[in-house]
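> Task: produce atomic coordinates for the following.
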Amino acid sequence: LAVDDINAAGGVLDQPVELFPGDSGDTTTDTANTTVDRHLANGTQVIVGAASSSVSLKVIDKIVSAGVVQFSPANTSDQFVCYADRGLYFRTAPTDVLQAQALAQLIAEDGAQRVSILALNDPYGTGLAENTVTNLVDAGIPEDQIQKIIYDPNAQSFNAEVDQVANFAPDAVALIGFEESAKIITRMHEVGIGPSDGMAVFGVDGNMGNALGENVAEGLLDGMAGTTPLTDTGEEFQQRLLGVDPGLIDFNYAGESYDAVIVSALAAEQAGSTAGVDIAANINSVTRDGEKCTSYQQCLDLLRAGEDIDYDGATGELTFVDAGEPGVGSYGRLVFGPDNTLTTEDYIVVGE
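Got it, this is the predicted structure:
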């Protein structure tokens, strides 16, 4: 969609933008490296991805060493804040330092006084878990009333970890994981501490999607709440996305993906160059301290008139900080219903 909008406005430096799709895979495969090799061979100057923070950490050095921009719409690990990325790594998703604040706020507002945290053992899971503990303590929950369990996401069984949670007898559980969350939720129900059993269970962006609902028995997720980076992109934007891909089942990170492409194109226009290092040098500046604009066409017209711009896109205000990421995080407060489908109740904004 973003490439279509850019090319409809005349492209970048009067040339059309080319899109080369690629799969980033996961940490159990070498798919991401293969995809990156292919992109670099094609002369790509901006690689949008990966979705997983752990996958990005496997390829970031290769990408930035080639002088190419890596721009993730979904990486949230705080490891990237100070990463030695040569100024070539960016993301439209806010850091988990901010998501931890939103998650802790959600848990504390629910009245929890004794909390178990189950988190997968990777940079995303451990970082988000640690930051969530810090924010729960700041919210007034004593540290000895918080249990943190780190698990292997590739394990065949999560019975031991879930049994530890049951023995701790929490009044709320935060589950920080990906597709393995389905197995964990199923086991939680078997021992009577699942969402549908009355336990307050909270998820995060890694599992708060309708895909989770498709992988557990109907009704097991009823009442499970959580956070994911999300802004109110509006019905019109969602309908435009469905026009490109009618098979979409949710819109998580859709706005972030769109904005990553638009920001990259605007940075190239401002730089007068499509070289990765030149694009990178202009990315932060097109998101702040200039004339507000909300579409590629509008921003392009301002740039060509010699104006400084401040692009506010599908995800709203970006205002990148020096680390190349948003300084404010907007999160959807999501809840699963009895049919295992998600609704967005409202939004939590942190970091303002």
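> For the protein, give me the ranges with low pLDDT.
Per-residue confidence of the chain (counting by pLDDT under 70) places the weak regions at 352.
> let's see it at 90
Within the chain, the ranges that satisfy pLDDT under 90 run 26-28, 76-78, 96, 123-124, 210, 229-234, 249-253, 316-317, 327-330, 351-352.
> which helix of it spans the most residues?
When secondary structure is assigned using DSSP state H, the longest helix within the chain turns out to be helix 254-271.
> What is the helix or strand just after it packed up against?
Proceeding N to C from helix 254-271, the next assigned helix or strand is helix 276-283, under DSSP states H and E. Under the contact criterion of 3 or more Cβ pairs under 8 Å, 6 or more residues apart in numbering; DSSP states H and E, the helices and strands touching helix 276-283 comprise strand 69-72, helix 254-271. (C-beta placed from N, C-alpha, C; glycine too.)
> picking that back up, next, the angle helix 276-283 makes with the longest helix of the chain.
110 degrees (axes from the mean of the first three to the mean of the last three Cα atoms, to 10 degrees).
> helices and strands around helix 254-271, which ones?
Judged by 3+ Cβ pairs under 8 Å, 6+ apart, helix 254-271 is in contact with helix 2-8, strand 46-48, strand 69-72, strand 89-91, helix 234-244, helix 276-283, helix 296-304, strand 309-311.
> let's see it at 7 Å
Where contact means 3 or more Cβ pairs under 7 Å, 6 or more residues apart in numbering; DSSP states H and E, helix 254-271 is packed against helix 2-8, strand 46-48, strand 69-72, helix 276-283, helix 296-304, strand 309-311.
> could you give the angle of that helix to helix 234-244?
Per the same axes, to 10 degrees, the angle that helix 254-271 makes with helix 234-244 is 90 degrees.
> hmm, who's touching helix 254-271?
Residues external to helix 254-271 that are found in contact with it (Cβ atoms under 7 Å, 6 or more residues apart in numbering): 1-3, 6, 12-13, 17, 46, 48, 69, 71, 73-74, 92-93, 229, 231, 233, 241, 274, 278-279, 281-283, 286-287, 296, 299-300, 303, 309, 311, 313-315, 318.
> Just the buried ones from these?
Among these, those classed as buried by 16 or more other Cβ atoms under 10 Å are 1-3, 6, 12, 17, 46, 48, 69, 71, 73-74, 92-93, 229, 231, 233, 241, 274, 278-279, 281-283, 286-287, 296, 299-300, 303, 309, 311, 313-315, 318.
> returning to what we had before: I'd like the helices and strands packed on helix 254-271 as JSON lines, with distance to residue 123 appended.
Putting these into JSON lines (distance: least, Cβ to Cβ, whole Å) gives the following:
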{"stretch": "helix 2-8", "distance to residue 123": "28"}
{"stretch": "strand 46-48", "distance to residue 123": "19"}
{"stretch": "strand 69-72", "distance to residue 123": "13"}
{"stretch": "helix 276-283", "distance to residue 123": "23"}
{"stretch": "helix 296-304", "distance to residue 123": "33"}
{"stretch": "strand 309-311", "distance to residue 123": "29"}
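> between the ones you listed, which gets nearest to residue 187?
Comparing the helices and strands packed on helix 254-271 against residue 187 with Cβ to Cβ, the closest turns out to be strand 69-72 (31.3 Å).
> partners of the closest one in the sheet?
strand 46-48 (parallel), strand 89-91 (parallel) (DSSP bridges).
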